[in-house]
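Trainee: sharing a model prediction with you, sequence too.
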Amino acid sequence: MVEPQQEQAWLEIGRIVAPQGVRGAMRVYPNSDFPERFLEPGQRWLRRQGDRDPEVVELLRGRDLPGKGLYVIELEGISSREAAEALRGAVLLVPEGDRPPLESGEFHVQDLLGLEVFHHQTGQRLGVTVDVFSAGNDLLQVQLDEALVPQKEESVKPKSKKKRPKPPSPPTVFVPFVKAIVPVVDLENQRLEVDPPAGLLDIIN
């Protein structure tokens with residue numbers, strides 16, 4: 001009996017955001033802290049917008065754009081601005097098992113997404129991580145639990161036939177990802193703890 005082939009799991013390492021020049025180079029916004037993903041030639045995978053399955057591509061060369069937080073890459077077979085423009089919004093991938101070794105205290109971005117966030121001192125649940133940004137120190141974007149955010153009282157207005165607007169999404173805060181503020185990262189239990197400095201969570205007071 002033939003066992004069904006397991007579907008390949010992927011790690012997103014970057015997203016193509018724009019062409020660069022007229023010869024097929026393109027700008028990539030990284031979702032990885034490992035520059036070699038964009039600088040070292042070799043095989044990568046590309047998933048175009050609207051496609052389910054990625055395709056194999058060959059990274060010919062890459063360089064960083066100082067001060068921009070972007071990389072410029074060149075892929076085999078992409079030699080015009082029009083071809084690069086057609087890849088706008090596509091994501092670069094590597095197999096999930098292709099993870100460079102980490103030093104103590106380092107984490108893969110993908111592993112930090114979706115973690116429950118708790119207050120280190122009180123144990124109160126604050127929200128969940130939804131993104132990670134590199135800006136000097138890394139920043140965790142935390143979507144706060146709706147119950148923590150004070151609700152504005154709505155004034156009573158005459159009924160109308162207009163559709164009621166959708167309630168706004170819970171706000172997010174940016175938490176510096178440093179040991180003093182995020183002392184506990186527990187990937188096994190899918191949680192982290194923050195010890196926020198004064199003012200960081202004023203929105204919930």
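Mentor: Here it is on my side, so go on.

Trainee: I'd like the distance between residue 184 and residue 58.
Mentor: Residue 184 sits 41 Å away from residue 58 when distances are taken as CB to CB, to the nearest Å. Yep, even glycine has a C-beta here, placed from its N, CA and C like the rest.

Trainee: next: residue 41.
Mentor: Per CB to CB, residue 41 is found 8 Å from residue 58.

Trainee: in space, what's closest to the spatially most central residue of the chain - neighbours in sequence excluded?
Mentor: In the chain, the centroid-proximal residue (CA atoms, centre = their mean) is residue 131; its distance is 4.5 Å. In space, and not counting its chain neighbours, residue 131 is closest to residue 141: 4.1 Å by CB to CB, 6 or more residues apart in numbering.

Trainee: give me the helices and strands touching the helix or strand where the residue nearest to the centre of the chain lies, please.
Mentor: In this structure, residue 131 sits in strand 125-135 according to DSSP states H and E. On a contact count with 3 or more CB pairs under 8 Å, 6 or more residues apart in numbering; DSSP states H and E, strand 125-135 meets helix 109-112, strand 116-119, strand 137-144, strand 172-176.

Trainee: can you give the strand pairings for the third one, parallel or anti for each?
Mentor: Paired neighbours of strand 137-144 in the sheet (DSSP bridges): strand 125-135 (antiparallel), strand 172-176 (antiparallel).

Trainee: what pLDDT does residue 202 get?
Mentor: We have a pLDDT of 67 for residue 202.

Trainee: for residue 160, that is, sorry about that
Mentor: So, for residue 160, pLDDT stands at 56.

Trainee: how about residue 31?
Mentor: Value listed for residue 31 in the pLDDT field: 84.

Trainee: can you pull the buried residues of the least confident helix or strand in the chain by mean pLDDT?
Mentor: Counting by mean pLDDT, DSSP states H and E, the weakest-scoring helix or strand in the chain turns out to be helix 109-112, with a mean of 83. Within helix 109-112, the residues that count as buried by 16 or more other CB atoms under 10 Å are 109-110, 112.

Trainee: element containing the nearest residue to residue 35 once chain neighbours are set aside?
Mentor: Nearest residue to residue 35, sequence neighbours excluded (CB to CB, 6+ apart): residue 64, at 6.7 Å. Taking DSSP H and E as the criterion, the element that holds residue 64 is strand 55-65.

Trainee: now that strand: mean pLDDT?
Mentor: Strand 55-65 comes out at a mean pLDDT of 96.

Trainee: what's it packed up against?
Mentor: Helices and strands touching strand 55-65, by 3+ CB pairs under 8 Å, 6+ apart, are helix 36-39, strand 42-47, strand 70-75.

Trainee: got a list of what residue 31 touches?
Mentor: Residues in contact with residue 31 (CB atoms under 8 Å, 6 or more residues apart in numbering) are 12-15, 109.

Trainee: return the subset of those residues lying in helices.
Mentor: Per DSSP state H, helices hold the following members of these: residue 109.

Trainee: out of the helices and strands packed on strand 55-65, which one sits most buried?
Mentor: Scoring the helices and strands packed on strand 55-65 by mean neighbour count under mean count of other CB atoms under 10 Å gives strand 70-75 as the most buried, with a mean of 21.
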